[in-house]
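Give me a model of this one.
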Amino acid sequence: MKFDEYRQLDGVAMAEAVASKEVTAQELLEVAIARAEAVNPF
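Numbering: from 1, shown residues only. The predicted model follows:
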């Protein structure tokens, strides 16, 4: 999943995507961490 897709989802939509196996929790976590590192590299 890319950040553009990630940012369109709220928490409920993310939970539903994980429950329906469209995405894994690990994938969501990786996108969130990558974005945090991109905007705050320290």
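
and the closest residue to Ala32 other than its chain neighbours, what are its phi and psi?
Closest residue in space to Ala32, ignoring its immediate chain neighbours: Tyr6 at 7.2 Å, by C-beta to C-beta, 6 or more residues apart in numbering. For every residue, glycine as well, the C-beta is placed using N, CA and C. When read as degrees, to the nearest 10, the backbone of Tyr6 gives phi -60, psi -40.

Next one: the residue most central in space within the chain relative to Asp10, how far apart?
The residue lying closest to the centre of the chain (C-alpha atoms, centre = their mean) is Leu28, at 3.1 Å. As judged by C-beta to C-beta, to the nearest Å, Leu28 and Asp10 stand 12 Å apart.

Quick check: buried residues in the longest helix seen in the chain?
As assigned by DSSP state H, the longest helix anywhere in the chain is helix 25-39. For helix 25-39, a neighbour-count test (16 or more other C-beta atoms under 10 Å) marks 28, 31 as buried.

So which residues make contact with it?
Contacts to helix 25-39, defined as C-beta atoms under 8 Å, 6 or more residues apart in numbering, come from residues 1-3, 6, 14, 17-18.

repeat for stretch 13-22
So stretch 13-22 is in contact with 9, 23-25, 28, going by C-beta under 8 Å, 6+ apart.

Farthest-apart pair in those, please.
Maximum pairwise distance among the contacts of stretch 13-22 (C-beta to C-beta): 13.8 Å, between Leu9 and Thr24.

Give me the neighbour count for Ala17.
If you count neighbours by other C-beta atoms under 10 Å, Ala17 ends up with 19.

What of the one 3 residues further on?
Burial of Ser20, expressed as a neighbour count using other C-beta under 10 Å, amounts to 8.

and the gap between it and Ala13?
The gap separating Ser20 from Ala13 is 11 Å, by C-beta to C-beta.

sorry, back to before: the more surrounded of Leu9 and Thr24?
With neighbours defined as other C-beta under 10 Å, Leu9 and Thr24 compare such that Leu9 has more, 15 against 12.

Noted, bye for now.
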